[in-house]
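**Student:** Just the structure for this:
(4 chains)
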Number of protein chains: 2
Amino acid sequence: MANGASSPVPTIYQVAERAGVSIATVSRAFSDPSKVAPRTLDAVLEAARVLRYVPAAAARALAVRRSKALGVVLPHIDGPYYAELLVGFEVAASELGLSVVLALLNPQEPRHLSVLDLLGRVDGVAFMARSGAQDDTVRQVADVRPTVSVARGQVEGVDAFYAENRAAARQLTEHLIEHGRRRIGFVGRLEEGSDIGQRHVGYLEALEEAGLAPAERFEKDPVEASGLEIAEMLLAVERERNDADAGAAGADDATGIAGLDALVCGNDELAMAIISRLTAAGVDVPGRLAVTGWDDTVTARYLTPGLTTVRQDVAELGALAAQRLAALIDGDTSQSPVTVDSNVVLRQSCGCAPDPVPALA
Amino acid sequence: MANGASSPVPTIYQVAERAGVSIATVSRAFSDPSKVAPRTLDAVLEAARVLRYVPAAAARALAVRRSKALGVVLPHIDGPYYAELLVGFEVAASELGLSVVLALLNPQEPRHLSVLDLLGRVDGVAFMARSGAQDDTVRQVADVRPTVSVARGQVEGVDAFYAENRAAARQLTEHLIEHGRRRIGFVGRLEEGSDIGQRHVGYLEALEEAGLAPAERFEKDPVEASGLEIAEMLLAVERERNDADAGAAGADDATGIAGLDALVCGNDELAMAIISRLTAAGVDVPGRLAVTGWDDTVTARYLTPGLTTVRQDVAELGALAAQRLAALIDGDTSQSPVTVDSNVVLRQSCGCAPDPVPALA
DNA sequence: TGTCACGCTGTAAGCGCTTCCAGCTCTGAT
DNA sequence: ATCAGAGCTGGAAGCGCTTACAGCGTGACA
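**Tutor:** Purely as a prediction, here's the structure:
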């Protein structure tokens, strides 16, 4: 900074002195201008301006016993998913005049300390995404501060916000069945949070209704590497089968690979990786294997084939969470879980035909 | 929360009383345990535990005149780019024992107030990405608090951090020239920040060295919609040309569209949209038009053709910024700008051949 | 046995705000 | 002319912590 370090940081006292008023008046000038006479107000504001006065939030927080800040704890973000969640939350919070303090929590190393640190400086906290191992932490925090849980497994007594999962998964699976798929697999770690758990339930419902048995389930984290692994696995199995069948009728070959003809994946990243690896190996997607994602990443529509996935209004979810958290802080009581809608987005990876596009003359 | 609201929030006094010591001892127990006798320490910690004591950060901040928090101001995030930047920053900050408070600043509506708010509660602030209009804000903040500028236009007297742009752009452009491209366009709003400006410089250098004239430049924001617009524009121009040439030799047609045979784009999103639209219209990319992106989005490699782009270690950038900011707060003096390397990632959209991949037996 | 140093602890003075309360100055009604 | 009340303002008491500073008991040493 230019000089900040040299001159002492101005406080309400300096401003008061320069404006020729008491600190009480300066305080009022900032918190409720209508309480001070116009002339006085001008003088105060002017003094504050020339001194570059910035009210010390800590002092205010101490005096009013409110920090006017909300905490967010997230797993180490990367996906656009978390970013969107965070943006929705921040925008809503700042509209309520609340700051947002961010804590990234690597599920591997709990860093319990950093949570304590966070707690001390916020009026409430939102736990977003990832669940399971963290549930204890959530519970402890909830004992001490207003708390909400967003897009993650629910915790007893903590207000929960999540996108609708079950119905969308069911719808998605039904769609695959309509495409004639019969051996539909599922990719996702169930205990990792009820989000994926719910999707699995919807998936099972659709299968049951159609009188189909669930096909293989892959218990994998929803990341690129898992997708690659799964693809390799499928390819290996298929190769083996072919070797075994050597010379025999390749009846099983027209559609299907390794005994599957469709795969419902936990998110787009996973689906993308699987499709890419399979396609590179010459497997026709969706011809032999339909693959669906979840999240509707920006790029999903640019893939070949276009990725059929599920769109959730994650920003809205974040915003709702921030608003409820603010309400809880103001003394509102807990309410029932809130869900936002999800929409299945059909593109080509499920077997749908591409939209016709005008060609270059 | 379960009960928090009912029982009064425990303070250092309650803990002291319950442990049978003075508040000074409790304070020491938390800030420097070695200053307290082991037996006493145990008693204090135990009392704190049963009372669920959480030290009030505000009070501490007031007493030590340090909030132990860093501010980050970002434009309304979405891209993975910002998310990565933020993650790098947060991780580094938390390793230094500093919290991160986040402020999203929509360049459209300045919300100057929210910046003031932020200033009051942090020891230093990092301005990330997007520049131009915000420069004044940065300057004002820098007058009052230690400040760094990350991945954005530089401001006099403010420590800057950015990814190398010029050399990478030059290298990328040279690569296109090696592919035989001669009419290479550029997409990016120059005044929007020196990032893209630097890339433009590198691009020009490469052209000049090769004795080529720069082709058309599209002054567009780096978002999906712009990409679509540009693609439509190219298609329209091309259609017109074809109509004009009707019957004449289609010599210009083998490679090139609308007078261009390559396009260097400001980011991946833009490039993706252009490629998608053109491909859908039957234009061969990279056959007729090579297109490159910037950022190496996760999905870049999954596109068809694979997107040639530039990879920057954005997380590293964020981390460096956090560390420097912490140093500035501790009284270090400003230093020269820091840049992290960028690497050109060649895939197929520039005209390179795809990697061979083992096919399914 | 006295002295001193050392380790541990408590007392108390802030840190920069908010806000209750009281007091002052006007105005308008009586 | 008097007084009630409204409108503004200042005094002062905290908010929950940190951190000199001083005091105490103890053991080492002379």
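
**Student:** nearest residue to the residue of the stretch 151-300 of chain A found nearest DNA strand C other than its sequence neighbours?
**Tutor:** Going by CB to the nearest atom of the strand, DNA strand C is nearest to A:Asp159 of the stretch 151-300 of chain A, at 26.6 Å. Backbone N, C-alpha and C define where each C-beta goes, glycine included. Distances taken as CB to CB, 6 or more residues apart in numbering or on different chains place A:Val148 nearest to A:Asp159, at 4.6 Å, with adjacent residues excluded.

**Student:** my read is the one you found is in a strand, agree?
**Tutor:** Yes: under DSSP: H, G, I helix; E, B strand; the rest coil, A:Val148 falls within a strand.

**Student:** That one: how many residues sit nearby?
**Tutor:** Residue crowding around A:Val148 was assessed by other CB atoms under 10 Å in any protein chain shown; the count is 27.

**Student:** ok now do the residue nearest the centre of chain A, which residues does it touch?
**Tutor:** Geometric centre of chain A, nearest residue: A:Tyr82, 3.9 Å, by CA atoms, centre = their mean. For A:Tyr82, the contact set (CB atoms under 8 Å, 6 or more residues apart in numbering or on different chains) comprises A:74-75, A:128-129, B:83.

**Student:** Let me know whether my guess that it is in a helix holds.
**Tutor:** Yes: looking at A:Tyr82 with three-state DSSP, it is inside a helix.

**Student:** State the pLDDT value of whichever residue of the stretch 101-250 of chain A sits closest to DNA strand C.
**Tutor:** As assessed by CB to the nearest atom of the strand, DNA strand C sits closest to A:Asp123 within the stretch 101-250 of chain A, at 14.2 Å. Note for A:Asp123: predicted pLDDT of 97.

**Student:** Go ahead and confirm it touches A:Ala69.
**Tutor:** Yes: under the criterion of CB atoms under 8 Å, A:Asp123 makes contact with A:Ala69 at 6.4 Å.

**Student:** Compare those two (neighbour count), which wins?
**Tutor:** In this view A:Asp123 and A:Ala69 are compared by other CB under 10 Å, and A:Ala69 has more residues nearby, 25 against 21.

**Student:** DNA strand D versus that one, what's the distance?
**Tutor:** From A:Ala69 across to DNA strand D, the span is 16 Å (CB to the nearest atom of the strand, to the nearest Å).

**Student:** Would you check how far apart that residue and DNA strand C are?
**Tutor:** A:Ala69 sits 15 Å away from DNA strand C, going by CB to the nearest atom of the strand.

**Student:** For that residue, give me its contacts.
**Tutor:** Contacts for A:Ala69 (CB under 8 Å, 6+ apart) come out as A:98-101, A:121-123, B:101, B:121.

**Student:** what residue ranges in chain A score low on pLDDT?
**Tutor:** A:1-7, A:78, A:107-113, A:131-133, A:191-194, A:244-254, A:356-361 (pLDDT under 70).

**Student:** okay, now the domains of it?
**Tutor:** With domains defined by automatic domain parsing, chain A comprises A:12-55, A:67-163+A:315-342, A:166-312.

**Student:** So which of those domains is nearest B:Leu263?
**Tutor:** domain A:166-312 (16.0 Å; CB to CB).
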